[in-house]
Structure formats: C-alpha cells, structure tokens
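Chemist: Sequence first, then the predicted structure:
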Amino acid sequence: MNQWFFIHFAQHLQQTSDDLSFEWLIDPQQQVFLQHHIFSGQCLVPAAISTELCIQAAMQLALITPPSDTAQTGYPKISIESFNIKRPLALGCDEQIKLFVSAIRLPDNGYKVSLRRHLYHANGKLLRRDVLVAQSVIRIETAIHLPNNLHIGTLVKCAIEGPCKHFDFGQANYYKLINPSHGELFQSLTGKCTLSNSLQWLISEFNIQAKEQHYSCVDELPFVCSPLAIDSVLQACVLSCIQIESVKHQQFLSKLPVALNQVQFFQPFQFNHRYQCVLNLVALDDQTQTLRAWVKDQQGQLVAYFDRITLHRAPNEPRLACQFERDYRHFLLTDQQSKPDVEVLC
C-alpha cells in the first residue's frame, strides 16, 4: 500500500508545498473500528484515532509515504507537541459525519493540523459551519536520538519494586468487567497490571496483535504510529482514574482523555509484541487528572514517551466503583463462568 489509512479515504484532497486539505467521511460501515468503540449507545471516535489522523495529515504534507518494503528500518522521529480535543465526535452506527482536515507547514519541521465539522439540527438544518473539533502540532524529523535507556530502566524498576500489588484478570474478563465499551478491535490490554499502593504508579501490559489490519472494509491499510497502541496507553490512563475514583466513590463520572503534550515515538510498534505502559500520576483535582507515560518493548527499550496526558471528567460516562485492591480477591473467588457478583462491581 502506498497510501496511509486516512489518505486512502480522503476526499477532495488538495495540497501545495505549504498546506493541504481534505475531507474524511466518518462512516462506521466503512471504518468498522468505530463499531467497536461504543459510549452511551453511539460510536465515539477515539482520541487515538484523531491523533493518528493528524499525524497522517502531517506525513502527507511532508511527502512521506508508507515504506514499500516492510523490512525497511528507517523511521522518522515523530513528536506530538500538542493535541487537544475541543468537541467529541459521536454518531450512530448508521450515520455519517463529514470531517474537514487542514494542515499547514510550520518552521522547524512542524505541522499544524486542524479538524473541523459542520453542526446540524436534528431536522437537518445547518446550525454552525467549520466548528473546531481537534487541533494538533506535529513535528517530523529524520534524525532520531534515543534517550538514555538506563533512565527508563531505573524508573520502571523503582515503580515495580515499591509497595504494590500485581493483578491478572485475563483479557476477556478484563474487558467484560472493566471496559465493556471496547469491542474486539480495541481490546489490547492483556489484563495484567501492577498498581502501587499509593496509586501514583500503574503498569499495564498490552499487545496490539494484528487488529489494526481489520479497521476498515479495506484490509491492511497502514498507520504511522499505531492508534491502537496510543489507545492502549489512554485505556491505562482511564484505568488509573477508575482506581483513584473508586477509593472514595461508589458511583462516579469517569474522566476521559482530552489532551496530549510532548509525545515522542522512537520506533514503530510491532504486531504480536507485548509492551508495558508505565504511568505516573502528575496532578489530580476533581475535574482533571494528568499523567506521564513511558512505553517499553519486551527488551526493555523505550518505544514512546508521553510527557503529559490530560483526562477530563465526562458528563455522560457513569461508572460503578471497581477498586482492584478491594475487589480482586472477590473476582478470584467468583465462578469464572458466570461471575454474577463481580460484574456489578465494575
């Protein structure tokens, strides 16, 4: 394939040396991954998908196409200087939304990408044009300088060796109990995680397998940074939120990702590899939660670094408490086939 995933679906693509624009028709029947990300009965476009869309727009403007040789080792340094969701995108499985994508070239290998849409009344009347949905600044460099891996190794070691508890729900049980909004194509966390007693650290394992190859009606369209890998990190962030909120509340509105800052990708994510996401709680208040994340591969090499991930309380995402330290023993003692009592915990 010589086109990135979203460029394949791009309509009315126009490009100069300094800017580009195209339209993406969001259609759950064409982009079937949307049917696997259901919130409040609607397909919610994941923040990770919007992030990857921005990255692909920047790559298209930079004239960087997918490698023809899958064994090609060259990998540009891709950084997300900022990514902010201004308005969530949700639609029914039989609905469509036209998204307008624009990108402009900035100094120092930077690209500013904006996602916009029109707003309509339920009767079809146009209410507002070009409403900003999300905005991002992406940087692409050919040279890549890996940070000192001793730092990440020492950091992970300290996080694991501190007072903590280890859990292993298994993937199927994890998503049934903790995250039923995610269907098969977004089920990447393995169910293994480590949680520090202070709730300041969380380590979660994930494996994207080859699920992204089936994200649309056209198989094997390539991605740049793996939206499922990004989403795996964001899923772990929401898990951290659930653990913290469940200590004090039996029922609460969950916090969902709304912003990324200073994210760096050092090597591509591989299919059927296990990765560890290490999360550190940076700041917390009633409405927001900020975390920092490191992702390392099976050899302990740093794959990605997220300097700041911001979650904000969602008005329509109610949850019942599910605190691992308190409820995991209950899970183990419950019949693995029926689990009638455990399901209500989460």
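Modeler: Received the coordinates, thanks. Residues are numbered from 1 along each chain as shown.
Chemist: doesn't Asn173 fall inside a helix?
Modeler: Yes. With DSSP: H, G, I helix; E, B strand; the rest coil as the criterion, Asn173 is located in a helix.
Chemist: How about Tyr111, nearest residue that isn't a chain neighbour?
Modeler: Spatially, and ignoring its direct neighbours in sequence, Tyr111 is nearest to Ala58 (3.7 Å; Cβ to Cβ, 6 or more residues apart in numbering). All C-beta spots, glycine's among them, are computed from the backbone N, C-alpha and C.
Chemist: In terms of helices and strands, where is the one you found?
Modeler: helix 47-61 (DSSP states H and E).
Chemist: What strands line up against the next helix-or-strand element following that helix, and which way round?
Modeler: Using DSSP H and E, the next helix or strand after helix 47-61 towards the C-terminus is strand 77-85. Its sheet considered, strand 77-85 pairs with strand 126-141 (antiparallel), strand 251-265 (antiparallel) by DSSP bridges.
Chemist: now, of these, which is deepest in the fold?
Modeler: Highest mean neighbour count of the strands paired with strand 77-85: strand 251-265, a mean of 19 (counted as mean count of other Cβ atoms under 10 Å).
Chemist: what helices or strands is the top helix by length along the chain leaning on?
Modeler: For the chain, the helix that runs over the most residues, judged by DSSP state H, is helix 227-248. Helices and strands touching helix 227-248, by 3 or more Cβ pairs under 8 Å, 6 or more residues apart in numbering; DSSP states H and E, are helix 47-61, strand 189-196, strand 201-206, strand 251-265, strand 275-284, strand 288-296, strand 302-320.
Chemist: what is the orientation angle of the first one with strand 251-265?
Modeler: Orientation of helix 47-61 against strand 251-265 (axes from the mean of the first three to the mean of the last three Cα atoms, to 10 degrees) gives an angle of 20 degrees.
Chemist: so where is the stretch 101-250 of the chain shaky, pLDDT-wise?
Modeler: 142-162 (pLDDT under 70).
Chemist: Report the distance from stretch 309-322 to the chain centre.
Modeler: When distances are taken as Cα atoms, centre = their mean, to the nearest Å, stretch 309-322 is centred 15 Å away from the chain's centroid.
Chemist: Same question for stretch 265-284.
Modeler: With Cα atoms, centre = their mean, you get 11 Å for stretch 265-284.
Chemist: Pull that stretch out as PDB, backbone CA atoms only.
Modeler: The C-alpha coordinates for stretch 265-284 follow below in PDB (Å, rounded to 0.1, in the frame of the first residue of the first chain):
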ATOM      1  CA  PHE A 265       7.700   8.000  19.200                       C
ATOM      2  CA  PHE A 266      11.200   6.400  18.900                       C
ATOM      3  CA  GLN A 267      10.400   3.200  16.900                       C
ATOM      4  CA  PRO A 268       7.300   1.700  15.300                       C
ATOM      5  CA  PHE A 269       5.000  -0.600  17.200                       C
ATOM      6  CA  GLN A 270       5.100  -4.200  16.100                       C
ATOM      7  CA  PHE A 271       2.200  -6.700  15.700                       C
ATOM      8  CA  ASN A 272       2.000  -9.500  18.200                       C
ATOM      9  CA  HIS A 273       4.500  -8.000  20.600                       C
ATOM     10  CA  ARG A 274       4.000  -7.400  24.300                       C
ATOM     11  CA  TYR A 275       4.500  -3.800  25.600                       C
ATOM     12  CA  GLN A 276       4.500  -2.300  29.000                       C
ATOM     13  CA  CYS A 277       3.000   1.100  29.700                       C
ATOM     14  CA  VAL A 278       4.300   2.700  32.800                       C
ATOM     15  CA  LEU A 279       2.100   5.500  34.200                       C
ATOM     16  CA  ASN A 280       2.900   8.100  36.800                       C
ATOM     17  CA  LEU A 281       0.300  10.400  38.300                       C
ATOM     18  CA  VAL A 282       1.400  14.000  37.900                       C
ATOM     19  CA  ALA A 283      -1.600  16.100  39.000                       C
ATOM     20  CA  LEU A 284      -5.200  15.500  40.200                       C
END
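Chemist: tell me the mean pLDDT for it?
Modeler: Summarised as a single mean, pLDDT over stretch 265-284 is 95.
Chemist: quick revisit: which strands or helices does the helix holding Ala58 pack on?
Modeler: In terms of contacts (3+ Cβ pairs under 8 Å, 6+ apart), helix 47-61 is packed against helix 5-8, strand 19-26, strand 77-85, strand 97-106, strand 110-120, strand 126-141, helix 227-248, strand 251-265.
Chemist: which is the next helix or strand following the third one?
Modeler: Spelled out, that is strand 77-85. Later in the chain than strand 77-85, the nearest helix or strand by DSSP H and E is strand 90-91.
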